[in-house]
Structures are given as C-alpha cells and as structure tokens.
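Peer 1: Give the three-dimensional model of this entry:
(one chain, ligands or ions: 1)
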Amino acid sequence: MATELRDLRDVEWDGWADTLDLAFGGLPLPPEERALRRELTETGRSFGVWDDGARDDGGWVATAGSFSFGLTVPGGAEVPVAGVSMVSVQPTHRRRGLLRSMMRHQLADVRERGEPLAALTASEPAIYGRFGYGPAAQDMQLTVDTVRLPAPGLPGVDGVRLRLVDPAAAVADCERVYARLVPARPGMLARRPGWERIPVLDDPGKRDGAGVLQCVLAEVDGEVRGYARFAVKPGRDHAGPSGTVRVRDVEALDPVGYAALWRFLFGIDLTSSVAVSTRPVDDALLHLVPDMRRCGIRLDESLFVRPVEVGAALAARTYRTPVDVVLEVTDPFCPWNEGRWRLSGDAAGASCARTADPAELALSVRELGSAYLGGFSLSSLAAAGRVRELRPGALVAASVAFGSDVAPWLPHGF
Ligand SMILES: CC(=O)SCCNC(=O)CCNC(=O)[C@H](O)C(C)(C)COP(=O)(O)OP(=O)(O)OC[C@H]1O[C@@H](n2cnc3c(N)ncnc32)[C@H](O)[C@@H]1OP(=O)(O)O
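Peer 2: Now for the predicted structure:
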C-alpha cells in the first residue's frame, strides 16, 4: 500500500471534494454551492495524499489547499496571503502525520510563491498552533433582545431610504459598499471574483427553519450606503410571536446608514430577537443600544495568521507609534524565520531585516501571528509567558506600536 503526496488535477476534483466532505461528516453540498466551490478551487494550490490501496483501486485519503487572497493589514495595505482551507484526513489514516506533511509542503509552496503570510479559520483551534498559526482576530456573536432594547436611532436616520430587493440582483450594489470597507479594517479580504456569490447562497435545505434570504438596501439621495442580508425564523411562545431575525451581513459606509439598518432589523414584525453570527468586537451596535448585556455577546477567535516570511510580513504593515526593536524569533516548523530581526517602523512604513544586535523581545512565530493584525497585544501574550522582554521598556513600546485602532475582523470563512 503506497501513499503519495501530490497535486490535484482538474479532472480529479470530484473525488477529491468527496473525500473532503466525508471528513466533515459526509453531508452532500447543495448543487449550486458545490458548483461554486469547484469554480473557486485553485487547482494549482490544491493537493492531497493519494493511497493506492484505498477504495479498491486507489483514492484520496487527505486533502488541503489554499486561496490566493489579499489581506488588509494595519495601515490599510492589501498583502498577499495564502488562505489555507479544505484540510482533511480520512479516519483510516489519522494520527500518522499526514496533516503535518501537508502543512510542511504547503508552507514551502506559499514561501515559493512569495506570499509573506498564511491564514486560516480552524475547525478545532487546538490543531494549528504547532504549525505556527496564532489566533489573530476575534468575532463577536450577538443575540439581541429586541423586546427589551429600544431600536437604535441617530439624527438623520429618517432620511435613509430602506428598500427590500432581491439579494442576488443586488450583489453588485452590496459589493460596491463592501469594497470600500475592506481597506479600513485589518483582517478583511479583498473579494476575489466569484466569492461575492457565497453570501447570497440560499439553499432551502440549509435554512434551518428560517424563511428565504432577504436583502435591504440603505440609500441616501439614490446612493446605496449600506445593506443587510437576513432571514426570519418564525416562532411563538406563551407571550406571543417570538421569531428571530437571523442576520448574515450588515454593512454601512456611515453611522447613520448603520443605525438605520439596525433600526429596521430590530423592528421586523413578529420577532423578538436579532441573531448575528459575526461582527467585529468593536462593533458600533454596542454603542447604539443602552444596555450591552441584552445583546447576548459571545466571543470566539476567528482568523489565525502565520507569518511565512517574518521580514517581509512585518515590513508589509505600518505601526501605530514609532518602533525600533530587535526580535528573537523561534520557528522550528519554518526554520528560515529563526533568529534575530530588527523591526523599524511607524505610521508611514516599516523595514525588517536580519541583525546581529542583541535581542530585546523573544517570541515564537505564533505570537507574531497573534499580534500581527493588532487584535491581541504583545503585553497580553507576555502576561501568559509567551513573549519575553529582554530589555526593560521594549515590551510596552512594541506592544503599543503593534496595536490597531480598529479591531481586526474576518467577516466570512473560507
Ligand atoms: C484550515 C482547515 O481546513 S480546518 C479543517 C481541519 N479538518 C477537520 O477538522 C476535518 C476532520 N479532521 C481531520 O480531517 C483530521 O483529524 C485532521 C486534519 C484534523 C488531523 O489530521 P492527522 O493526519 O490525523 O494529523 P497528524 O497525524 O499530522 O497530527 C499532527 C499533530 O496534530 C495533532 N492533532 C491532530 N488532530 C488534532 C485535533 N483535532 N486537535 C488537536 N490536535 C490534533 C496530532 O496529535 C499531532 O500532534 P503532535 O504535533 O504532538 O504530534
């Protein structure tokens, strides 16, 4: 029985995708979603492990791939990033090191492509730290009690026109808003062609008791300033109607448009709550209501980041305050990153190069990933013993510089 790690060929996609789906429980994807996934798979970046002895005449027993995304980093630049995804190993082949061999292969490939960063969302967060990925952004889930909380309001909301539209037909309008928001928040991904269709997939089998997907546009003077995509799950309890508005997306270019959209969502008849699966942790909604406790907040880590080339990654972002620090980086999985790096930068730009100067902070590449987008501070990592200060004063200065005024956020998985 011979196994071989090799690239995916286009004609093999169906068997490869079936192997991937099986590892996640084997539920078939709805046809439209499967076709879209096929279209979005970058075959040249997808691979797996083939076993001659699997399924009689051979078959895939492990899969992995990545997407060529552009990630917004602090300062607003779009940096090439490998969006790692589609990772699976069949139960017959688990815990023999196949994942480890795929991660090694993939990171070498990403490096060869010249992408300084890799990023992923994890099915189980405990898996990826050993490969140098650190949690870098959180998402906030909310279940808002719209019976007890007044609807958000701001001067000017009455001037916003709200228009219900067909979600698929309004994609271009929504994407224009989205594209303007991407550079303003670290962690967001520039939308590649085809990805804009994912938020409007609406297979009846996946609605889980909710109705059709709806879209509302917020317009001022004929210009689309925001949108929300949502579905209503009807409900009734002893006190009467208790439906839930399930929000998939809510985005706006200004505070008034945002407040108008939330006011609309709060006010949908026969509902008593609004559930949102992901918002940034610094979301404005928290300040549009008088009582955050009734927002049913839950935090999760979302995006994991891994510097693949430490020097290029650290030089690709800017720093909130001037910083000049020597980092001693450990990275047993990608040893080309190991050693001392001098990072010098400010709000205008940065450089990062190897140095023989004495180290001032010591950390692994995983902590660098966690701090990279400004979502977790170097000081908080130091408090957990994960960053060591070797020169007094170096920690606070670097920690402040790495911060971001806007919390990083990944609006959607991949
Ligand atoms: C980015 C994404 O696509 S996330 C999706 C990941 N895929 C899934 O969750 C699908 C279901 N799970 C699987 O397919 C597999 O169990 C995988 C991919 C998670 C693991 O594959 P394996 O080939 O068994 O992993 P491998 O044997 O290479 O293990 C490498 C290390 O990871 C550890 N590990 C593997 N799975 C897990 C887990 N679920 N939780 C914690 N640690 C894990 C192993 O113990 C091993 O640890 P070590 O460094 O101490 O030796």
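Peer 1: The residue in the stretch 101-250 of the chain that the ligand sits nearest to and Ala384, how far apart?
Peer 2: Relative to the ligand, the nearest point of the stretch 101-250 of the chain is Ser123 (3.4 Å; CB to the nearest ligand atom). Placement of C-beta: from N, CA and C, glycine included. According to CB to CB, to the nearest Å, Ser123 and Ala384 sit 24 Å apart.
Peer 1: repeat for Trp262
Peer 2: 36 Å.
Peer 1: And the residue of the stretch 301-414 of the chain closest to the ligand?
Peer 2: Closest point on the stretch 301-414 of the chain to the ligand, by CB to the nearest ligand atom, is Phe304, at 8.2 Å.
Peer 1: give the contact list for that residue.
Peer 2: Shown in contact with Phe304 (CB atoms under 8 Å, 6 or more residues apart in numbering): 119-122, 125, 128, 133-136, 369.
Peer 1: next one: Ala137
Peer 2: Residues counted as contacts of Ala137 (CB under 8 Å, 6+ apart) are 186-187, 301-303, 373, 375, 407-410.
Peer 1: Which pair of these spans the longest distance?
Peer 2: Taking CB to CB as the measure, the contacts of Ala137 span a maximum distance of 14.8 Å, between Pro186 and Glu301.
Peer 1: the more surrounded of these two?
Peer 2: Pro186 (29 against 17; other CB atoms under 10 Å).
Peer 1: Got phi/psi on that one?
Peer 2: phi -60, psi 140 (degrees, to the nearest 10).
Peer 1: How about Arg225?
Peer 2: Dihedral angles (degrees, to the nearest 10) for Arg225: phi -110, psi -10.
Peer 1: Local confidence estimate at it?
Peer 2: pLDDT, Arg225: 98.
Peer 1: Output the longest strand along the chain as CSV - backbone C-alpha positions only.
Peer 2: Identified as the longest strand of the chain according to DSSP state E is strand 59-72. Only the C-alpha atoms of strand 59-72 are listed here, as CSV (Å, rounded to 0.1, in the frame of the first residue of the first chain):
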residue,chain,number,x,y,z
GLY,A,59,-8.2,7.1,-3.8
TRP,A,60,-7.6,10.4,-2.0
VAL,A,61,-7.1,9.9,1.8
ALA,A,62,-6.2,13.5,2.6
THR,A,63,-6.8,16.9,1.1
ALA,A,64,-5.6,20.5,1.5
GLY,A,65,-5.5,23.7,-0.4
SER,A,66,-5.3,27.4,-0.3
PHE,A,67,-6.7,30.5,-2.0
SER,A,68,-4.7,33.5,-3.2
PHE,A,69,-6.3,36.3,-1.2
GLY,A,70,-5.3,39.8,-0.3
LEU,A,71,-5.5,40.6,3.4
THR,A,72,-5.9,44.1,4.8
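Peer 1: show me the contacts for the closest residue to Ser273 other than its chain neighbours.
Peer 2: Once flanking residues are discounted, Ser273 sits nearest to Thr244: 4.9 Å by CB to CB, 6 or more residues apart in numbering. By CB under 8 Å, 6+ apart, the contact set of Thr244 is 143, 210, 232-233, 235, 271-275.
Peer 1: how about Ala398, secondary structure?
Peer 2: helix (DSSP: H, G, I helix; E, B strand; the rest coil).
Peer 1: mind listing the helices in the stretch 1-150 of the chain by residue range?
Peer 2: 13-23, 31-40, 98-112 (DSSP state H, counting those that start in this stretch).
Peer 1: Contacts made by the last one with the rest, please.
Peer 2: Meaning helix 98-112. Taking CB under 8 Å, 6+ apart as the rule, helix 98-112 contacts 3, 5, 45, 47-49, 61-62, 64, 66, 82, 84, 87, 89, 118, 127, 131-132, 306, 308-309, 333-334, 336.
Peer 1: what about it, near the ligand?
Peer 2: Yes: judged by CB under 6 Å from any ligand atom, helix 98-112 and the ligand are in contact via 98-100.
Peer 1: Can I get the buried ones among those residues as something I can paste into ChimeraX?
Peer 2: Here is the ChimeraX command that selects the buried residues among the residues of helix 98-112 next to the ligand (16 or more other CB atoms under 10 Å):
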select :98,99
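Peer 1: Looking at the residues of helix 98-112 next to the ligand, which one is closest to Glu196?
Peer 2: Leu99 (31.1 Å).
Peer 1: From Glu124, how far out is that closest one?
Peer 2: In terms of CB to CB, Leu99 sits 11 Å off from Glu124.
Peer 1: Residue numbers of the stretch 51-200 of the chain in contact with the ligand?
Peer 2: Near the ligand, when you scan the stretch 51-200 of the chain using CB under 6 Å from any ligand atom, you find 84-89, 94-100, 120, 122-124, 126-127, 130.
Peer 1: try it again with 8 Å
Peer 2: 62, 64, 84-91, 93-103, 120-124, 126-128, 130 (CB under 8 Å from any ligand atom).
Peer 1: Which entries within the residues you listed meet the buried criterion?
Peer 2: Applying 16+ other CB under 10 Å to these flags 62, 64, 84-90, 93, 98-99, 102-103, 120-122, 128 as buried.
Peer 1: so how far is Gly25 from Met102?
Peer 2: Distance from Met102 to Gly25, counting by CB to CB: 20 Å.
Peer 1: what's the answer for Phe230, then?
Peer 2: Here the criterion is CB to CB. By it, Phe230 lies 27 Å from Gly25.
Peer 1: Between these two, which is the more surrounded one?
Peer 2: Taking other CB under 10 Å, Phe230 and Gly25 do not tie; Phe230 has more neighbours (25 against 6).
Peer 1: Tell me the bridge partners for the more buried one.
Peer 2: Gln214, Val247 (DSSP bridges).
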